[in-house]
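Asker: need coordinates for the following:
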Amino acid sequence: MSEEKQLSYSEAIQRACASITRFPLIPVRGVPLMSLIANNWDSIWAFRPDPSDLLIATYPKAGTTWTQEIVDLLLHNGGAEACKRAPTSLRSPCLEFFSPPPIPSGLDLLQNIDLPRIIKTHLPFQLVPPGFWENKCKVIYVARNAKDNLVSNYHFDRMNMYQPEPGPWEGYIPKFMRGELAWGSWYDHVKGYWVEREKKNILYLFYEDMKENPRREVERIMRYLDLSVSDEVISRIVELTSFKNMKENPMANYTFVPVPVFDHSISPFMRKGEVGDWRNHFTPEQSKMFDEDYERQMKGVNLPFRTLI
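Answerer: Residues are numbered from 1 along each chain as shown. The predicted model follows:
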């Protein structure tokens, strides 16, 4: 993306800041979505991807940006400069993103990107536009264990002024359990892609596996994309996408988004990136309550999540 386009995008964000508000959630086919998304749902559902498009799908705060950066680096043979050409959100736009004018929507941004495109979404499986399946697009799904995902999402909702006010921690847990947050139920989300993974040729990854052995998972992504890069390039990608390096990379850490939208003084977009941080938030009573509900909601689905590594 040209420097001129980056500048115009930054200017659009600045101009839109005057109308920033915590947008309410509106159900779309039973899934709560921010009103800006719900009000533009028909155009999102009608999106027709190219067969070469790659979709990266996650529940929010499950390793989305990390995976976007890995894929972009793989497609550019590990070239660090290529991946600093523009912020992550411009290099691989969010399909369903809508914002107050004049900020361009995800659909607008996708029209100006050369094929093959990397497309991000937080939509649950049943809300993914059918064109992705009809055109047999490759899809990478990343899932993160429920407790860490809840903690990360809570802090994100605190600093993201687009999202509804999260309220106190003790009240946020039951909202997560009931699926009353943006993009709906974590349980339905991770199960939806899991049960369809073989039929739809979805590469299903786990955040905990990526943390435990990032090189192994980068190689899995490479093979899925039918790419072949050298061991040296793989090592460089692993290093460039470490949490420390991404947190310091202004093209990946979302510090380009102004304070009226993302208030990094409340919580940084990239906060800890750890497995097991939930232990610093859940009381023993909360953990017991959550575990009992988890067993009920995940009964009969053999999803191998790990809350510690």
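
Asker: so which residue is dead centre in the chain?
Answerer: residue 64 (3.4 Å; C-alpha atoms, centre = their mean).

Asker: in space, what's closest to residue 193 - neighbours in sequence excluded?
Answerer: Counting by C-beta to C-beta, 6 or more residues apart in numbering, residue 193 lies nearest to residue 141, which is 4.3 Å off, once chain neighbours are set aside. All C-beta spots, glycine's among them, are computed from the backbone N, C-alpha and C.

Asker: helix, strand, or coil at the one you found?
Answerer: strand (DSSP: H, G, I helix; E, B strand; the rest coil).

Asker: can you name the residues bridging to it?
Answerer: residue 57, residue 204 (DSSP bridges).

Asker: pLDDT wise, what is the closest residue to residue 52 other than its chain neighbours at?
Answerer: Using C-beta to C-beta, 6+ apart and skipping the chain neighbours, the partner closest in space to residue 52 is residue 116 (3.8 Å). On pLDDT, residue 116 comes in at 92.

Asker: list the residues that contact residue 116.
Answerer: Residues in contact with residue 116, defined by C-beta atoms under 8 Å, 6 or more residues apart in numbering, are 50, 52, 53, 54, 75.

Asker: which of these fall in helices?
Answerer: Using DSSP state H, residue 75 are the members of the contacts of residue 116 that sit in helices.

Asker: buried ones among the contacts of residue 116?
Answerer: Buried members of the contacts of residue 116, counted by 16 or more other C-beta atoms under 10 Å: 53, 54, 75.

Asker: closest one of the residues you listed to residue 239?
Answerer: residue 75 (17.4 Å; C-beta to C-beta).

Asker: give me the distance between the closest one and residue 136.
Answerer: Distance of residue 75 to residue 136, computed by C-beta to C-beta, to the nearest Å: 19 Å.

Asker: which residues touch residue 146?
Answerer: Per C-beta under 8 Å, 6+ apart, neighbours of residue 146: 176, 186, 187, 290, 294, 305.

Asker: okay, these in CSV with secondary structure, neighbour count and distance to residue 35 next?
Answerer: Formatted as CSV, the contacts of residue 146 follow (DSSP: H, G, I helix; E, B strand; the rest coil; neighbours: other C-beta atoms under 10 Å; distance: C-beta to C-beta, whole Å):
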residue, secondary structure, neighbour count, distance to residue 35
176, helix, 22, 20
186, helix, 25, 21
187, helix, 20, 24
290, helix, 19, 29
294, helix, 18, 30
305, coil, 17, 32
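
Asker: hang on, residue 282 in a strand?
Answerer: No - the assignment for residue 282 (three-state DSSP) gives coil, which keeps it out of a strand.

Asker: I figured it was touching residue 147, is that so?
Answerer: Yes - using C-beta atoms under 8 Å, residue 282 is in contact with residue 147, at 6.6 Å.

Asker: who touches both of those two?
Answerer: Contacts common to residue 282 and residue 147, judged by C-beta under 8 Å, 6+ apart, are residue 290.

Asker: which of these two has more neighbours?
Answerer: Shown here are residue 282 and residue 147; by other C-beta atoms under 10 Å, residue 147 has more neighbours (25 against 18).
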